[in-house]
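Participant: No sequence on hand, only this structure:
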């Protein structure tokens, strides 16, 4: 692995030597590193979803089915049916949730390798916070820059055709909603409820 | 929804800012260097040879688990997550403690360098959490964006969770020997194994069959009933906040809960997760449904967020308040493996029924749990533990 980092170091460190100003270069270099992590993570997730989409959707659909049933039972005042359906929904959700948790590793693995490289390069680096006695280490700077890069990347992604296709991810069907406030949400198998009786 | 989004983003930014304010790079190197300096030099067990190549945590002579084995074990952890549906964190812990020899390495310093023994133990605990906590981040963001989060419930869980996840590392970091940690880890795994075992017994299976029958009977009744059509779903609307009662509607149906329970539950679950180093995610859902009787849609996003917040708090407290070092490269290799395992899992589960997967895990959990309990408290080792 050391050889891997030695090769990578030669290219990555160039982004930290652009302007000649240490603090500025560090932020720029870390931003580029965060961007690379985001790109690699996104590509890995897209690849992972190609193989797991069907199964994830099945699990999510099962959870949604029992969830809808539990809500209908609730509105009908059938407590036994509500608890039964809710229990099944939770079990199905548990599978779906942990599967997605595991898949999330596909998005975040580059971050650890980036931090490992930065640990070798910038362990002693400190950024004093103005007006305080505190300072930021390399991890703190990376986290802040990564979060900023993530939100920027999200906006860029919307305009990128290949990423737009991956927008509706499996498991999102479990809680699919509209992003605009006030719009109705459509779920499968919902029956119209006589709201006057509730 | 927009207002809630801003509130939650503000909380997230505040969390990051507070965490960032206590970050100091050299603290983590300093604490480890200090511990290494105090350890006797030599080549025997419990000693450090300063001329030896650096291994785990950059300790000279430390174990150097081959990164590929990290990927392989990560595949196993990811497979467990995506098939059994939980408990991957326990397998991550088993890997760190037993498979990669980190537990034995920490144990070798028990008498010669207790500080290093406890520092390596803390690193193992935190590494376990990384694998679950980072991943829970993505899920909670997804569920929150979909608007299935009850903010007051999430806040109550988070308050308890942050308190538990902060206090336990502060109170226990640097104080728990590997021996004690392994013993408690074993007890928790045994308890989890017993609960899971119940699920696979005829009584446990009967309970599930009854639930399915009741749900199917109701579904059949609904199909005969009123006509189809979409209803305007209102999502979560909070009606009133109070110290002892919070009311909200979901799908037009009113729910309420006492916020004290989620605070307490969040505290104990997060404290357990922070102490042992495994997720706690599997505890939030049954807690929320059994104590509050809330529907799954509400529980889904809220529990994901609770797992994420308590994990992140715990990780930051271990690393940045207590200066626990982490081997990022190894954790990264494991994450790669988890991603692969999460892809393989759905394919294999087509051929292996859920109940047999659970039985497999029960056998493992009982063996591992018993083994660690015996090792930790009685210094008796089962093969492979």
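Facilitator: Alright, I've got the coordinates. Quantities reported herein were computed from a predicted structural model and do not represent experimental measurements.

Participant: For the longest helix along chain A, name the packing helices and strands.
Facilitator: Counting residues, the longest helix found in chain A (DSSP state H) is helix A:22-75. When contacts are defined as 3 or more C-beta pairs under 8 Å, 6 or more residues apart in numbering or on different chains; DSSP states H and E, helix A:22-75 sits against helix A:79-122, helix A:138-158, helix B:202-224, strand B:253-257, helix B:296-316, helix B:328-348. For every residue, glycine as well, the C-beta is placed using N, CA and C.

Participant: Least reliable of those by average pLDDT, please.
Facilitator: Ranked by mean pLDDT, the helices and strands packed on helix A:22-75 end with helix B:296-316 at the bottom, a mean of 70.

Participant: quick one on the thing from earlier: mind checking the pLDDT average for the longest helix of chain A?
Facilitator: Mean predicted lDDT for helix A:22-75 stands at 87.

Participant: Hey, what's the angle from it to strand B:253-257? Just curious.
Facilitator: 120 degrees (axes from the mean of the first three to the mean of the last three C-alpha atoms, to 10 degrees).

Participant: between helix A:22-75 and helix A:138-158, how many degrees?
Facilitator: Using the same axes, to 10 degrees, helix A:22-75 lies at 60 degrees relative to helix A:138-158.

Participant: Helix A:22-75 relative to helix B:202-224, how many degrees between them?
Facilitator: Relative orientation of helix A:22-75 and helix B:202-224, computed by the same axes, to 10 degrees: 70 degrees.

Participant: All the helices of chain B, residue numbers only.
Facilitator: Under DSSP H, chain B gives helices at B:2-21, B:25-38, B:67-83, B:88-94, B:102-107, B:114-145, B:151-172, B:178-200, B:202-224, B:260-276, B:281-292, B:296-316, B:328-348, B:354-378.

Participant: and the last one with helix B:328-348, angle?
Facilitator: The one in question is helix B:354-378. Using the same axes, to 10 degrees: helix B:354-378 against helix B:328-348 is 150 degrees.

Participant: picking up where we left off before, among the helices of chain B, which gets the worst mean confidence?
Facilitator: Among the helices of chain B, helix B:2-21 scores lowest, with a mean of 52.

Participant: circling back to that earlier point, most packed of the helices and strands packed on helix A:22-75?
Facilitator: helix B:296-316 (a mean of 28; mean count of other C-beta atoms under 10 Å in any protein chain shown).

Participant: circling back to that earlier point, for the helices of chain B, which one sits closest to residue B:54?
Facilitator: helix B:25-38 (10.4 Å; C-beta to C-beta).

Participant: Now render the helices of chain B as TSV, adding distance to chain A.
Facilitator: As requested, the helices of chain B are exported to TSV (distance: least, C-beta to the nearest C-beta, whole Å):
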stretch	distance to chain A
helix B:2-21	4
helix B:25-38	3
helix B:67-83	4
helix B:88-94	7
helix B:102-107	17
helix B:114-145	4
helix B:151-172	14
helix B:178-200	9
helix B:202-224	4
helix B:260-276	14
helix B:281-292	5
helix B:296-316	4
helix B:328-348	3
helix B:354-378	8
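
Participant: before we move on, back to that, save the helices and strands packed on helix A:22-75 as a markdown table, and put in distance to residue A:37 too.
Facilitator: Output for these, formatted as a markdown table (distance: least, C-beta to C-beta, whole Å):
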| stretch | distance to residue A:37 |
| --- | --- |
| helix A:79-122 | 4 |
| helix A:138-158 | 7 |
| helix B:202-224 | 42 |
| strand B:253-257 | 39 |
| helix B:296-316 | 18 |
| helix B:328-348 | 11 |
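
Participant: which non-adjacent residue is nearest residue 113?
Facilitator: Defaulting to chain A. Take residue A:113 and drop its neighbours on the chain: the residue closest to it by C-beta to C-beta, 6 or more residues apart in numbering or on different chains is residue B:332, 4.4 Å away.

Participant: That was the other one, I meant chain B.
Facilitator: In space, residue B:113 is closest to residue B:39, 3.9 Å off (C-beta to C-beta, 6+ apart).

Participant: Isn't that neighbour up against residue B:45?
Facilitator: No: between residue B:39 and residue B:45 there is no contact under C-beta atoms under 8 Å: 11.6 Å.

Participant: who's more crowded, the two?
Facilitator: Using other C-beta atoms under 10 Å in any protein chain shown, the more surrounded residue of residue B:39 and residue B:45 is residue B:39, with 20 against 13.

Participant: which ones are touching that one?
Facilitator: By C-beta atoms under 8 Å, 6 or more residues apart in numbering or on different chains, residue B:39 lies in contact with B:46-48, B:109, B:112-113, B:116.

Participant: which of those residues are buried?
Facilitator: B:46, B:48, B:109, B:112-113, B:116 (16 or more other C-beta atoms under 10 Å in any protein chain shown).

Participant: All set, thanks.
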